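>>> A structural model of the following input is requested.
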Amino acid sequence: MDVSQETPEQTHQRLLRVLAAAEFLVYPGLYGYHEYPRAEFPAALIAEALAFVRDEDVWSVLGPATPAVREPVRLFAFHFAAGLDNSGFVGWLATHLKATLGTGVVVVCGYNHARGGVFDYWGVPALIADAALAEVQRLRSRLTSV
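Predicted coordinates for the structure are as follows:
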């Protein structure tokens, strides 16, 4: 994690550069969370799940949506370029999407050293997924006009 002192405008410009340089992937279909008792790790889902997270009671598995999923989301991912300071990215983009589209987001982060380090899975409600993806693409292309 990087620590820096910058103005909000400097942060905005830096994170536009981070966004433009990131590898961006949109996943087909819908995803959602599936819950399983904590004592019963759902190992059979390892091949299809994107994330496993648990609390004191359940395993929460992010995977392809089924009819039982309460809040289906469309997923996209960013693999960040090595050497760029991406600190603050999640808050910056989540705040922008909330202000622009009124939506909250789901974000699950991971780390892959061979692909530059940090990567994020982002989920947006299926009903506004097209608008959210268009807004991310608009921001990605904005750097060239700034």
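>>> give me the distance between the residue sitting furthest away from the middle of the chain and Arg54.
Computed with C-alpha atoms, centre = their mean, the residue of the chain farthest from its C-alpha average is Ala39, at 28.0 Å. Applying C-beta to C-beta, to the nearest Å, the value for Ala39 to Arg54 is 11 Å. No exception for glycine: its C-beta is placed from N, CA and C like everyone else's.
>>> doesn't Ser87 fall inside a helix?
No - Ser87 sits outside any helix when classified using DSSP: H, G, I helix; E, B strand; the rest coil, being coil.
>>> packing partners for the helix or strand hosting Ala99?
Assigned by DSSP states H and E, Ala99 belongs to helix 89-101. If you count contacts as 3 or more C-beta pairs under 8 Å, 6 or more residues apart in numbering; DSSP states H and E, helix 89-101 packs onto helix 8-21, strand 106-112, strand 117-125, helix 129-142.
>>> out of the ones you listed, deepest packed?
A comparison of the helices and strands packed on helix 89-101 by mean neighbour count, using mean count of other C-beta atoms under 10 Å, puts strand 117-125 on top with a mean of 20.
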